[in-house]
Structures are given as structure tokens and as C-alpha cells.
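Visitor: Okay, predicted coordinates and the sequence, questions at the end:
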Amino acid sequence: MTDLTLPAYEIKTRTDSSGRTQIWDNLRGQFVVLTPEEWVRQHFVHFLTDHLGYPATLMANEVGIELNGMSRRCDTVLYDASLRPRMIIEYKRPDVQISQRVFNQICRYNLVMQVDYLIVSNGINHYCCRMDYAGNTYRFLDHIPPYSELYH
């Protein structure tokens with residue numbers, strides 16, 4: 001797999017009966033097929049939990065939503081203690097450029113979720129913005145905030 005600009009962690013993999021490589025997903029509590037996007041997801045989730053203090057108990061992968069009558073999935077969602085969604089994270093393969101189209105996708109998801117933060121990462125480049133609903137705008141941050149900074 002591609003080298004990422006995220007910290008390494010102790011990766012657990014196995015091969016399933018079909019010969020596909022799987023990687024352990026701590027949030028889902030199971031092995032999942034290892035794709036380039038999944039490689040990014042697992043590294044990013046470990047970055048959030050192991051380095052920025054995000055509680056794994058308040059995060060979920062592959063969160064289903066309904067958007068314009070169609071089922072969609074948010075890659076990762078962070079909830080607050082009241083289980084209100086606070087952050088959506090969208091992952092792309094490392095060879096996918098982060099473009100306006102990618103941001104449009106996560107913004108559409110946010111029409112349903114109404115979170116405070118949006119993050120997009122391809123494992124190499126990471127972008128985080130803070131929503132400002134009162135001003136009907138958003139502001140890009142120069143870093144991914146530690147969990148302790150999110151609600152201040």
C-alpha cells in the first residue's frame with residue numbers, strides 16, 4: 001500500500017477464504033476488505049484516536065444516511081456525548097486529488113447531518129473546515145484539531 005502522511009500504527013491483517021487481504025477496523029470491531037480507501041480510513045482513525053485524543057466510543061465508520069431519497073454512507077462520523085453528529089470525515093484513495101467535487105460530496109452529506117466540522121483526506125493531504133451556520137459560511141483550519149479543542 002501507498003505511504004501516507006499519517007503516523008504508522010500496529011496494523012492487523014489477514015487473508016479471507018477468497019484470498020482477499022482484510023484489515024482490522026477497531027470502530028466496527030471486525031476485519032474489512034483492504035482497499036486503498038480503507039488503508040487511508042484506518043490510518044486516519046488511528047491518528048485521531050491515538051494522537052489527537054478522539055474517543056473511539058464516539059466514532060463510527062460507514063454511517064448510513066438518506067439524502068434526497070437515496071441511501072448514502074458517511075465514511076466516519078464523530079458524535080458528541082449526547083450522540084449528536086459533530087464531524088464528518090470523507091476519505092479518498094491516495095491517488096485521488098482532493099477537489100471541489102469531493103467537498104461537494106461531503107457538503108451534501110452535511111445537509112442531513114448538520115455537523116460542526118468537515119474533514120477530507122486522501123491520506124496524503126488533509127483538509128478540515130469549521131462550519132459557521134450563523135454566518136452561513138465555513139472556515140478552513142490549518143490543522144486537524146485535537147479532540148480537546150473541538151468544543152471550546
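Guide: Now that the structure is in, tell me what you want to look at. Numbers count the residues shown, from 1 in each chain.

Visitor: From here on, just use CA atoms for contacts and neighbour counts.
Guide: OK.

Visitor: Distance check, residue 134 against residue 23.
Guide: Separation of residue 134 from residue 23 (C-alpha to C-alpha, to the nearest Å): 41 Å.

Visitor: between those two, who's got more neighbours?
Guide: Using other C-alpha atoms under 10 Å as the criterion, residue 134 and residue 23 rank with residue 23 on top: 19 against 6.

Visitor: Quick one: distance of stretch 49-66 to the chain centre.
Guide: 8 Å (C-alpha atoms, centre = their mean, to the nearest Å).

Visitor: One more: stretch 33-41?
Guide: 12 Å.

Visitor: quick one: contacts of that stretch?
Guide: Stretch 33-41 is contacted from outside by 1-2, 4, 20-23, 75, 91-94, 121-123, using C-alpha atoms under 8 Å, 6 or more residues apart in numbering.

Visitor: of these, closest to residue 150?
Guide: residue 121 (18.4 Å; C-alpha to C-alpha).

Visitor: Tell me the confidence at the residue lying closest to that closest one once chain neighbours are set aside?
Guide: Nearest residue to residue 121 in three dimensions, chain neighbours excluded: residue 91, at 5.1 Å (C-alpha to C-alpha, 6 or more residues apart in numbering). Listed pLDDT for residue 91 reads 95.

Visitor: which residues does residue 91 contact?
Guide: Residue 91 touches 37, 40, 41, 75, 120, 121, 122, 123, counting by C-alpha under 8 Å, 6+ apart.
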